[in-house]
Structures are given as C-alpha cells and as structure tokens.
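S.K.: What would the 3D arrangement of this be:
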Amino acid sequence: MDVTAMVFYALICGALSFAGPRLGAPFVRFGIGAVVGIIAAAVLPSVRVVVGG
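M.R.: The predicted structure follows:
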C-alpha cells in the first residue's frame with residue numbers, strides 16, 4: 001500500500017472513530033463503516049488527481 005492511500009484511509013477512519021459510539025449498535029456501526037469505506041475507495045482516485053500523487 002502506498003503512502004497516499006495509507007494517509008487517506010487513516011484520515012477517513014480517524015474521522016469515523018470520533019462518531020463511533022454515537023452511531024448505535026455494533027452491526028449499525030459496521031454497516032456505516034462499510035459504506036464509508038466504499039465511498040472512500042471510490043473517491044481516492046479523484047483525490048490522487050487533485051494532490052498529484
């Protein structure tokens with residue numbers, strides 16, 4: 001895994017962790033995490049273009 005992807009996902013996961021306990025039951029948090037991960041993976045190529053990486 002390259003540095004750009006690692007930093008990007010670390011920021012996304014870190015931001016999601018702030019809201020973790022308030023998101024409800026474990027399965028709800030898992031579903032939200034999965035959706036956020038899919039969105040992050042879809043957005044990463046655009047972020048690479050903007051950043052130049």
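S.K.: doesn't Ala5 make contact with Leu44?
M.R.: Yes: here Leu44 reaches Ala5: they are 6.5 Å apart, a contact under Cβ atoms under 8 Å. Bear in mind the C-beta positions are built from the backbone N, C-alpha and C, glycine included.
S.K.: Low-confidence regions, this protein specifically.
M.R.: Scanning the chain for pLDDT under 70 picks out 1, 53.
S.K.: spatially speaking, which residue is in the middle of it?
M.R.: Ile12 (3.5 Å; Cα atoms, centre = their mean).
S.K.: which of the residues in stretch 35-46 are buried?
M.R.: Using 16 or more other Cβ atoms under 10 Å as the test for burial, stretch 35-46 gives Ala40.
S.K.: May I have that stretch as CSV, with CA atoms only?
M.R.: In CSV, the C-alpha atoms belonging to stretch 35-46 read as follows (Å, rounded to 0.1, in the frame of the first residue of the first chain):
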residue,chain,number,x,y,z
VAL,A,35,-20.4,2.4,3.4
VAL,A,36,-17.8,4.9,4.3
GLY,A,37,-15.0,2.6,3.2
ILE,A,38,-16.7,2.1,-0.2
ILE,A,39,-17.2,5.8,-0.6
ALA,A,40,-13.6,6.5,0.4
ALA,A,41,-12.3,3.9,-2.1
ALA,A,42,-14.4,5.5,-4.8
VAL,A,43,-13.1,9.0,-4.0
LEU,A,44,-9.4,8.1,-3.7
PRO,A,45,-8.6,8.3,-7.4
SER,A,46,-10.0,11.8,-7.6
